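Trainee: Any chance you can model this:
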Amino acid sequence: MVIDGHCHAGRGERLTAPWNTEAKLGPYLRRARAAGIDRTVLMPLAPHGEYTRANREVAAIAARRPDRLMWFAAVHPTRDRGRIRSMIGEAVRRLGARGLKVHRMDAPITREVCEAARAFRLPVLYDVAGSTGLIEMVAPQYPDVTFVVPHLGSFGDDWRAHVAVIDQLVRFPNVFADTSGVRSFDYLVEAVQRAGPRKLIFGSDGPQLHPGVELEKIRLLGLGPRDESMVLGGNLMLLLRMRRVPARQVGLRWPHASGAPAHRTRSSRSATRPGGRRGP
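Mentor: Sure thing, here's the model as predicted:
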């Protein structure tokens, strides 16, 4: 199963650029189907003025196609202070959210957010927007929370951020990265070689980016069939299956592997060690 772990949906409030105004899924879904992508994780546009409303909108979009769509809720760490747990509770228990999205352009992540993610056993897609030092703070403080750093740390081609995140993938068992929007291909190669394919998650950052183009980058890494399948969906499935809400309620069947947290499984431990078959 090929899963796109990073796609936006719904309307934004800033109205200053395509990526914060509206994310229309029609063209994306046609392109994803043509590329062979089976399922997609949706999340609200960021920054956003009101994430309670945005979460409900994205949940409604995902509910129209439960066979193809799932979603992550988003929160603003400072503006939503004091109600983050209740927001996430609604998103998980009532609306079927599978994970959590935090964007540094809203505000850096806080203990309140991390503790809520821990309570609901949610992976956190934490877009640090180049400020990779934030991962140095949060990952060791919350070793039982899984953090996924999109764009290998920078959508803006900051090579320093890519290098820093690759190093964090090696050092922190609970840190993963998604591949969306990484234009400097050699950093994806380096991530595979140093951290291993079990620390990468395929994402497109659609609908702005073409999912087929982003998928082809993974194909070009030259991974073996099993490693490629883990990057293209298996790794994300392992992270998601620790949620408290049973998978049968939201229609996704998980592998039969044990219920240990994903960052403690044998496959993810081996990903942090050198050696074994790697990409080019």
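Trainee: pLDDT below threshold where in the stretch 151-280 of the chain?
Mentor: Scanning the stretch 151-280 of the chain for pLDDT under 70 picks out the ranges 242-280.
Trainee: Give me the sheet partners of the helix or strand containing residue 71 and which way each runs.
Mentor: Here residue 71 sits within strand 69-74, counting by DSSP states H and E. Strand 69-74 has its sheet partners listed here by DSSP bridges as strand 39-43 (parallel), strand 99-103 (parallel).
Trainee: now the helices for the stretch 101-250 of the chain?
Mentor: With DSSP state H, counting those that start in this stretch as the criterion, the stretch 101-250 of the chain has helices at 111-120, 133-141, 159-171, 185-195, 211-219, 225-229, 235-240.
Trainee: So for residue 3, which of those helices sits nearest?
Mentor: The closest of the helices of the stretch 101-250 of the chain to residue 3 is helix 235-240. By C-beta to C-beta, the value is 5.4 Å. (Glycine included, C-beta is placed from N, CA and C.)
Trainee: other SSEs contacting the closest one?
Mentor: strand 3-8, strand 200-201 (3 or more C-beta pairs under 8 Å, 6 or more residues apart in numbering; DSSP states H and E).
Trainee: can I get those in CSV with mean neighbour count?
Mentor: Listed next are the helices and strands packed on helix 235-240 as CSV, based on neighbours: other C-beta atoms under 10 Å:
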stretch, mean neighbour count
strand 3-8, 27
strand 200-201, 29
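Trainee: Output those in CSV; the columns should cover distance to residue 58.
Mentor: Below are the helices and strands packed on helix 235-240 laid out as CSV (distance: least, C-beta to C-beta, whole Å):
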stretch, distance to residue 58
strand 3-8, 9
strand 200-201, 19
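Trainee: so residue 108 touches residue 134, yeah?
Mentor: Yes. In this structure, residue 108 is within contact of residue 134 by C-beta atoms under 8 Å, at 5.5 Å.
Trainee: Confirm for me that residue 98 is in contact with residue 122.
Mentor: Yes. Judged on C-beta under 8 Å, residue 98 makes contact with residue 122 at a distance of 7.5 Å.
Trainee: these two touch, right, residue 34 and residue 212?
Mentor: Yes. Taking C-beta under 8 Å as the definition, residue 34 is a contact partner of residue 212 at 6.6 Å.
Trainee: Compare neighbour counts for the two and give me the winner.
Mentor: Between residue 34 and residue 212, counted using other C-beta atoms under 10 Å, residue 212 has the larger neighbour count: 16 against 10.
Trainee: Could you report the separation of that one from residue 46?
Mentor: 24 Å (C-beta to C-beta, to the nearest Å).
Trainee: same question, residue 125
Mentor: 10 Å.
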